[in-house]
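A.B. asks: Build me a structure from this.
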Amino acid sequence: MTITATDERLRPVEILLVEDSPTDALLTREALSSAKMFNRLHHVTDGVAALEFLRKETNFANAATPDLILLDLNLPKKHGREVLREIKADDALKSIPVVVLTTSQHEADVLGAYDCHANCYVVKPVDFLKFVDIINSIESFWFAVATLPSDCRHPPQSRPSVG
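C.D. replies: Predicted structure coming up:
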């Protein structure tokens, strides 16, 4: 069998990180750089930019459709729960797994995220090595264990926006 550059196995896993903390974004980037899976991390710092990225609006017209979204809750411009609610209400986006990755351990935040159809809720550890383990576990689970709908790996060329 001949493997071409368009072979699915050679395509990087596209990950969108929605995180306003530069430190947490750097930790996530470092953790993913040590991952076994070929990935490409895209980073936005607020909820409005996250939705523009996902809907390929404004400066994100050529953005990759993510295979996984890592979403912080406490974001400027639009709270993470609002972003999650809009993603899961959009037929073109709702099948993309969303992992809430946040510092909040409050039960109300956990319940609120799952009420908005988060696929997973993970509390960020303070320790870097534990953080790396968690990021690697998230990536491993979603791309080596879980079976995702094919439209997550083969997205349509254009996605309509929800107004």
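
A.B. asks: For the spatially most central residue of the chain, what are phi and psi?
C.D. replies: In the chain, the C-alpha nearest the mean C-alpha coordinate belongs to Ile69, at 1.0 Å (C-alpha atoms, centre = their mean). The phi and psi values for Ile69, taken as degrees, to the nearest 10, are phi -120, psi 130.

A.B. asks: Could you give the average pLDDT over stretch 141-149?
C.D. replies: Regarding stretch 141-149, the rounded mean pLDDT is 77.

A.B. asks: In that stretch, which of the residues would be classed as buried?
C.D. replies: Neighbour-count burial for stretch 141-149 flags Trp142, Phe143 (criterion: 16 or more other C-beta atoms under 10 Å). C-betas here are computed from N, CA, C, even on glycine.

A.B. asks: And stretch 60-69, by the same measure?
C.D. replies: By 16+ other C-beta under 10 Å, the buried positions in stretch 60-69 come out as Phe60, Ala63, Ala64, Thr65, Pro66, Asp67, Leu68, Ile69.

A.B. asks: Would you mind measuring from the last one to Phe128?
C.D. replies: When distances are taken as C-beta to C-beta, to the nearest Å, Ile69 and Phe128 turn out to be 22 Å apart.

A.B. asks: on that earlier part again, from Gly47, how far off is the residue nearest to the centre of the chain?
C.D. replies: 12 Å.

A.B. asks: Overlap of the contact sets of those two?
C.D. replies: Residues touching both Ile69 and Gly47 comprise Val18, with contact defined as C-beta atoms under 8 Å, 6 or more residues apart in numbering.
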